[in-house]
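**Q** Here is my input; please provide its structure:
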Amino acid sequence: MRSKKDISFKKILSLFRHQNGSPFFNAKGLAIGVFSGCFPFFGFQTLIGVFFAKLAKGNIILAALGTWISNPFTYVPLYYFNYKVGSIFLNTSSSENIEKSLVIHDLWKQGRIFSLKLLLGSSCVGLLLALICGSMIFLIYKIKIKR
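**A** This is a model prediction of the structure:
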């Protein structure tokens, strides 16, 4: 049985360092994982990231690690930020209050608007973070190959 001492920051970083494949292959896998991790599909982000990494022929292990961008510590700030970004793109206020006297139809409409803002914001933020993380990993692996 493994103890907590067996899992360390160094071991997690070694997962990044010891990946085989081209820099583009590794960067593509991580970028897909980060993109998938920005969506509010709790419990399915890793599966989605690995599935799309497999389709795009990217590094599956780095895709799974990339989905860790959302974890119990970052859920609330990440999704709140995604919601705000979606509100900006839809050109609506993100602070609209839901009135107590809403009828069921209006409540469903509010739910759709909320979901649309969150998914649109998740797409935009996920794309930006995927480009940044993928580029960084690409450069890191390029430098590693030159050494």
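
**Q** Run the chain-centre distance for whatever helix or strand Ile32 lives in.
**A** Element membership for Ile32 (DSSP states H and E) is helix 23-37. Distance, stretch centre to chain centre, for helix 23-37: 10 Å (CA atoms, centre = their mean, to the nearest Å).

**Q** can you check stretch 133-147 too?
**A** How far stretch 133-147 lies from its chain's middle: 20 Å, per CA atoms, centre = their mean.

**Q** picking that back up, residues in contact with the helix holding Ile32?
**A** With contact meaning CB atoms under 8 Å, 6 or more residues apart in numbering, helix 23-37 is reached by 19, 45-46, 48-50, 52-53, 56-70, 126-127, 129-131, 133-135, 137-139, 141-142, 145. Heads up, the C-betas are built off the backbone N, CA and C, glycines and all.

**Q** Now Thr46: closest residue in space, sequence neighbours ignored.
**A** Thr67 (4.8 Å; CB to CB, 6 or more residues apart in numbering).
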